[in-house]
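# Sequence first, then the predicted structure:
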Amino acid sequence: MSEPGAARLVIVDDHELVRAGLRAMLSAEPDFEIVGEASDGAEALELCRELTPDLVLMDVRMPRMDGLAATREVKQHLSRVSVLILTVHENQDYMLEAIRAGASGYVLKDAPREQLTTAIRKVLSGESTLNRNLATQLIQRLAFEVYEREEPSSANPPPDPERAAILESLSTREREVLELLALGHTNRKIAQTLFISVGTVKNHVEHIFAKLGVSDRTQAVVRAFEFRIITPPALQ
Amino acid sequence: MVPEAHVDKTLRILIVEDSEDDALLLLRQLRRSGYEPVSRRVDTPESMESALDQEDWDVVTTDYNMPRFGPREALSLLKRKGLDLPLIVVSGQVGEEVAVSLMKEGVHDYVSKSSLSRLGPAVVREVREAKVRREGEQAQEQLRQSMDALLAIYEASQLLSSTLETEEIGTRLLEIMRRISNLTTAVISVPDEHRQLRVWRAIGFEVLWHRVRYTPEAQAALYGVLETGEYQLLELQQPDHPGESLSTLYLPLRMRERIHGVLEIYGPEDMTQSNMVEILVSLTSKAASALENARIYRELAERESQLQELVGKLITAQEEERRRVAYDVHDGMTQLAVASYQHLQAFTSYHPSGSLQSQELLDRATELVRQTVEESRKVIANLRPTALDDFGLAAATRLQVEALWEEGWEVTYEESVRDERMPYMVETVLYRVVQEALVNVRKHVQTSRIHVELEHKGEAVRLRVRDWGRGFEATEEAAAGPGERVGISGMRERVALVGGEIAIESEKDEGTSITVYVPLPESGTIPVRQAGLNFE
């Protein structure tokens, strides 16, 4: 049973049985409260507008509006609502596409219960849900694509006031932290690298989130590449 | 010597003589020799020329001593006119040397006016010899014509059999016919589905065949040919031009029991002389066999393309079915298994097990359900990976490569297609080729090194799968087991389906490389983000 101040979750899946399964698994967790269920993307969007949950568990393949389209919509209009994609597909392309759409993470539907709850908690605390190797690979691929796409005009990019404002607002330290985030480092590792405390790193990260208008690390890095605030790390 | 009894006694004689009296003497002498001369006397080159132009002559005699004219002038005039007529000099004494030199120059004989009795026999002889000469020339001419015709038949059969285009055969046949016979106009008509003869191809003066072809007589003959398969030769009157007729030859274009049509030839009277009809019949039969070949070839090509189409439909249907089943598994069985797994986990968290044994059983059940999800994921990937629809060829190929890599193969992958999308069938076909090629490598190749390359260049996509295994010799491809044969021919058929080309190169102990090249239609690729994910 959920306790006061529990995170408010919405479950979106077109299979009623799967929704029931998720509800059964998660309702045992006192820090989660399931506030709503939707069976397609459009319903999910409506529900999010109405309830502004903390997190949405989003299936991908659904009728009417698929989970990725719904994620894009949710993130565009309700940027504080985090989305965790739930799917049976186990490959990078789906993860990459989910993150492109604005999801904070990606969990397999047949993940053990602990893995699912951990992922939800990580997203809620603004940490990356992806394992570090995978995150690094994904980010590199994403960065490479952003880089490639913009290459033709990179010699003389058109002025972007939003980018300029963000660049202006970030401190030198925050940009350093951002670059280490892009390498998939944990707060502890960043603290060690920069000779600062973990608490200070947490503060920097929260400031970075606010300035970039994102709610988690992965999205922060994606944003940073998109605005060319940091250059992609060398490809492995 | 007197002309033989059966010989026509009429003698057409042109006398070049300025003396009327001498001419009369000459004629009297010929009558005495049994001739009935028809004559004209001339005494200038001009009058001789007009006499030659106006009438046919059997013999020419000429005086030697005339003021403006003589044997040499007469001789050169005959030569100029191209006439091979006997020329006999009838003159007073001219001396032996002169006579000899005249004969050398081409005069046939010399008769002195003082011994005119020699004239009769000389004329008889010269006329006969001239006739022999003429006949010899005619025979030679005929021989030449026959040779020409034979050559034409030979060339024609070469020409006719060198093409399988029906139109080309028709055009060539008409041209050959015109070259070897002196036809004026010719038509090939073919029966339509109601056995009505329709003009298919024509050559020469159209008005002419139009005039005669639709007369009842011509139509009867034409349909007769179509019925019987035998040629018909007839004279057709031109309705609007009474008295003018056209020689007409209707030849069946017949190959065994099949009559492709009728070759209609119209021309002057002498068109069908001598052995021309036989030649035309023979040529027509050659043309008919060429047409039959063309027909058989066309049918074969049609059947081939039908077969191709059928194979294409089969492949497409199979692909559709795989796709359907894959999504059915994804949306049905997989979700059920997922839900069961979640419920079992929920149950576990609410009901801590009473005994170690029951805990083990529950764990086992939970694990089995999880494995069911895993299995169904494999089934989907084998049937048709959703990534192929959602992300395209490059991503789906990478998944195959990664799977191989995880099995421990040394596999490299290079691609420049990225997230560009190609037409559905192109992606499917190339994906299947990679799949098949990798299956072959796994089964037979005995190597651990593989390279997969996917390249989008201009308006084409190129796929290459190379291994460094044992390879095979060209002869082994045919000798390979049935499974492999199906694999390779399956690749070929699939690639043909999207208009591509496939090259399989292999050398013993050097490895095998499969290269596929598929042209893409204009703007054949679309970035995935614009296309959107295909989850429906």
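Looks like it came in fine.
# Which residues of chain B lie near chain A?
Applying C-beta under 8 Å from any C-beta of the partner chain, we find that chain B lies next to chain A at B:330-331, B:334-343, B:345-350, B:370, B:373-374, B:376-377, B:386-387, B:390-391, B:395, B:399, B:418-419, B:529, B:532-533, B:535-536. Bear in mind the C-beta positions are built from the backbone N, C-alpha and C, glycine included.
# Narrow those to those that are buried.
Buried members of the residues of chain B next to chain A, scored by 16 or more other C-beta atoms under 10 Å in any protein chain shown, are B:330, B:334-343, B:345-346, B:348-349, B:370, B:373-374, B:376-377, B:386-387, B:390-391, B:395, B:399, B:418-419, B:533, B:535.
# Residue in chain A with the shortest distance to chain B?
Nearest residue of chain A to chain B, counting by C-beta to the nearest C-beta: residue A:21, 2.8 Å away.
# Wait, that residue touches residue B:337, no?
No: look at residue A:21 against residue B:337 with C-beta atoms under 8 Å: they stay out of range, at 10.3 Å.
# Nearest spatial neighbour of residue B:32, chain-adjacent residues omitted?
Of all residues not flanking residue B:32 in the chain, residue B:120 sits nearest, at 6.9 Å (C-beta to C-beta, 6 or more residues apart in numbering or on different chains).
# The one you found: neighbour count?
Using other C-beta atoms under 10 Å in any protein chain shown, residue B:120 has 21 neighbouring residues.
# Could I get the buried residue list for stretch B:288-299?
B:288-294.
# Out of the residues you listed, list just those in helices.
Using DSSP state H, B:288-294 are the members of these that sit in helices.
# So which bits of chain A are right by chain B?
A:15, A:17-18, A:20-22, A:24-25, A:27-28, A:60-63, A:66-69, A:88-91, A:93-94, A:97, A:100, A:109-110, A:112-113, A:145.
# Tell me which of the residues you listed fall in helices.
Using DSSP H, the residues of chain A next to chain B in helices are A:17-18, A:20-22, A:24-25, A:67-69, A:93-94, A:97, A:100, A:113, A:145.
# Helix, strand, or coil at the nearest residue to residue B:25 once chain neighbours are set aside?
Spatially, and ignoring its direct neighbours in sequence, residue B:25 is nearest to residue B:116 (6.5 Å; C-beta to C-beta, 6+ apart). At residue B:116 the chain is in helix, as set by DSSP: H, G, I helix; E, B strand; the rest coil.
# Tell me which residues touch residue B:116, please.
Contact analysis of residue B:116 by C-beta atoms under 8 Å, 6 or more residues apart in numbering or on different chains lists B:25-26, B:29, B:90.
# same question, residue A:217
Here residue A:217 is in contact with A:126-128, A:181, A:205 (criterion: C-beta under 8 Å, 6+ apart).
# do residue B:12 as well
Residue B:12 touches B:37-39, B:55-59, counting by C-beta under 8 Å, 6+ apart.
# Ranking by neighbours, what's the top pick from the residues you listed?
residue B:59 (24 neighbours).
# Got phi/psi on that one?
phi -150, psi 150 (degrees, to the nearest 10).
# Beta-bridge partners for it, please?
Residue B:59 has the following beta-bridge partners by DSSP bridges: residue B:13.
# distance between stretch B:205-212 and the chain's centre?
With C-alpha atoms, centre = their mean, to the nearest Å as the basis, stretch B:205-212 stands 28 Å off its chain's centre.
# Next: stretch A:171-189.
16 Å.
# sorry, back to before: for ChimeraX, write the select line for the buried members of the contacts of residue A:217.
Buried residues among these (16+ other C-beta under 10 Å), as a ChimeraX selection:
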select /A:126,127,128,181,205
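# quick check, nearest of the contacts of residue A:217 to residue B:514?
When the contacts of residue A:217 are compared for distance to residue B:514 (C-beta to C-beta), residue A:128 wins out at 41.1 Å.
# Contacts only, for the closest residue to chain A within chain B.
In chain B, the residue that lies nearest chain A is residue B:342 (2.8 Å; C-beta to the nearest C-beta). Contact partners of residue B:342, counting by C-beta under 8 Å, 6+ apart, are A:18, A:21-22, A:24-25, A:109.
# Next, work out how far apart it and residue B:264 are.
87 Å (C-beta to C-beta, to the nearest Å).
# Check residue A:203 too.
Following C-beta to C-beta, the distance that separates residue A:203 from residue B:264 is 103 Å.
# got any ranges where chain A has weak pLDDT?
A:1-2, A:128-159, A:231-236 (pLDDT under 70).
# Quickly list the domain ranges of it.
Annotated domains of chain A cover A:7-125, A:133-226 [automatic domain parsing].
# Which of the three states applies to the closest residue to residue A:95 other than its chain neighbours?
In space, and not counting its chain neighbours, residue A:95 is closest to residue A:106: 4.5 Å by C-beta to C-beta, 6+ apart. Classification of residue A:106 by three-state DSSP places it in strand.
# Look up the residues forming beta bridges with residue A:106.
According to DSSP bridges, beta-bridge pairing links residue A:106 with residue A:85.
# buried stuff in stretch B:93-103?
B:94, B:99, B:102.
# burial of the nearest residue to residue B:291 once chain neighbours are set aside, as a residue count?
Using C-beta to C-beta, 6+ apart and skipping the chain neighbours, the partner closest in space to residue B:291 is residue B:260 (4.8 Å). Neighbours of residue B:260 under the rule other C-beta under 10 Å: 24.
# On the three-state scheme, residue B:260 is what?
Per three-state DSSP, residue B:260 ends up strand.
# okay but it is in contact with residue B:254, surely?
Yes: the pair residue B:260 / residue B:254 is scored as a contact, 7.3 Å apart, by C-beta under 8 Å.
# Report the central residue of chain A.
The geometric centre of chain A, computed from its C-alpha atoms, lies nearest to residue A:104 (C-alpha atoms, centre = their mean), at 1.6 Å.
# isn't residue A:188 right up against residue A:199?
No: taking C-beta under 8 Å as the definition, residue A:188 is not a contact partner of residue A:199, at 11.2 Å.
# hmm, back to that, could the contacts of residue B:12 be laid out in CSV, adding pLDDT and distance to residue A:213?
CSV is the format used below for these (pLDDT from 0 to 100; distance: C-beta to C-beta, whole Å):
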residue, pLDDT, distance to residue A:213
B:37, 90, 132
B:38, 90, 128
B:39, 90, 130
B:55, 88, 120
B:56, 89, 118
B:57, 91, 122
B:58, 90, 124
B:59, 91, 126
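# Next, format those as TSV and append secondary structure.
Output for the contacts of residue B:12, formatted as TSV (three-state DSSP):
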residue	secondary structure
B:37	strand
B:38	strand
B:39	strand
B:55	coil
B:56	coil
B:57	coil
B:58	coil
B:59	strand
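# In the stretch 101-250 of chain B, mark out all the helices, start to finish.
Per DSSP state H, counting those that start in this stretch, the stretch 101-250 of chain B carries helices over the ranges B:119-161, B:166-180, B:206-213, B:216-228.
# Pick the most buried one from the ones you listed.
Highest mean neighbour count of those: helix B:166-180, a mean of 19 (counted as mean count of other C-beta atoms under 10 Å in any protein chain shown).
# Please state the offset of that helix from the chain centre?
Using C-alpha atoms, centre = their mean, the offset of helix B:166-180 from its chain centre is 11 Å.
# tally of neighbours for residue 27?
No chain in the question, so chain A it is. So residue A:27, with other C-beta under 10 Å, has 16 neighbours.
# Not quite, go with chain B.
Neighbour tally, residue B:27, other C-beta under 10 Å: 18.
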